[in-house]
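*Asks:* Got a sequence here, can you model it:
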Amino acid sequence: MMSRLILLFGLAAAVLAGAQASAQQPPTTRVRGTIESFDGGVLDVKARDGASVKIKLAEGARVTAITRMKVDDIKQGSYIGVAGMPETDGSQRAVSINIFPEAARGLGDGFYPYDLQPNSTMTNAAVSEMVESNDGKTLLVKYKDGEKKIIVTPQTQVSTFGPGNKDDLKPGVKVVVNATKLGDGSFESRGMQYGRDGLQPM
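*Replies:* Presented below is the predicted three-dimensional model:
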């Protein structure tokens, strides 16, 4: 039960992109980049804008690993999170797809703005239909308030989540860290994700 809760909380940190922090909590910033060092519980991350950001991992911080999967691992009925870009016909071109563990089905259900790229979106939903084509797949996904058509291309990154290990946090590992800026200007994190085998968390 405890490992399931850890996984669910880690997933929540990754996929509830549209959720807002409560008024009592300082705002959270998502730092995307590459680990330069990890020493004494402090991550030194080179952010995607080139800045070096030092982030202290709080006691009990959730560390979630992201592992590469294949497009064929997406099945009808799979619950997925799609980071996408809007197409002119209203569909979403998938930049990345995360296949959720069954224990996390329904987490973050819906369609939200996302911060991966300008105008990017996040869709957390179940796959109801799949259509094969010569250049990829088209998925119809349904969430509680609607549905979206997802275009999967050969460039779409497919992955899944699982419990991570701080021992994996080494230089060169790519991360997404949900960090809070404290009153003294320093950063602290209670939840982060890292990619295995060179994978870039989305």
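*Asks:* quick one: low-confidence parts of the protein?
*Replies:* Applying pLDDT under 70 to the chain picks out residues 1-26.
*Asks:* Kindly recompute the last result at 50.
*Replies:* For the chain, the stretches with pLDDT under 50 are 1-7, 9, 12-24.
*Asks:* what about the helices in it?
*Replies:* For the chain, helices defined by DSSP state H occupy the ranges 2-15.
*Asks:* Determine how far the lengthiest strand in it lies from the middle of the whole chain.
*Replies:* Criterion DSSP state E: the longest strand present in the chain is strand 52-68. The chain centroid and the centroid of strand 52-68 are separated by 13 Å under Cα atoms, centre = their mean, to the nearest Å.
*Asks:* Note down every partner strand of it and its orientation.
*Replies:* According to DSSP bridges, strand 52-68 forms sheet pairs with strand 42-47 (antiparallel), strand 157-163 (antiparallel), strand 187-195 (parallel).
*Asks:* buried residues in the first one?
*Replies:* So the one you mean is strand 42-47. Buried residues in strand 42-47, counted by 16 or more other Cβ atoms under 10 Å: 43, 45-46. All C-beta spots, glycine's among them, are computed from the backbone N, C-alpha and C.
*Asks:* just the second one next, same as before
*Replies:* For strand 157-163, the buried set under the neighbour-count rule, 16+ other Cβ under 10 Å, comprises 157-161.
*Asks:* Quickly check these for the two that are furthest apart.
*Replies:* The span of those, defined through Cβ to Cβ, is set by Gln157 and Phe161 at 13.3 Å.
*Asks:* For Glu129, list each beta-bridge partner.
*Replies:* With DSSP bridges as the criterion, Glu129 is bridged to Leu140.
*Asks:* What's the end-to-end length of stretch 191-200?
*Replies:* 16 Å (Cα to Cα, to the nearest Å).
*Asks:* Closest one to Gln200 out of the buried residues of strand 157-163, please.
*Replies:* Nearest to Gln200 out of these is Gln157 (Cβ to Cβ; 7.4 Å).
*Asks:* neighbours of Asp39, just the number please.
*Replies:* Around Asp39 there are 7 other residues, counting by other Cβ atoms under 10 Å.
*Asks:* partner residues bridging it?
*Replies:* According to DSSP bridges, the residues that bridge with Asp39 are Val42.
*Asks:* thinking again about what came up before, kindly reformat the strands paired with strand 52-68 as CSV containing distance to Ala83.
*Replies:* What follows is those, written out as CSV (distance: least, Cβ to Cβ, whole Å):
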stretch, distance to Ala83
strand 42-47, 18
strand 157-163, 9
strand 187-195, 13
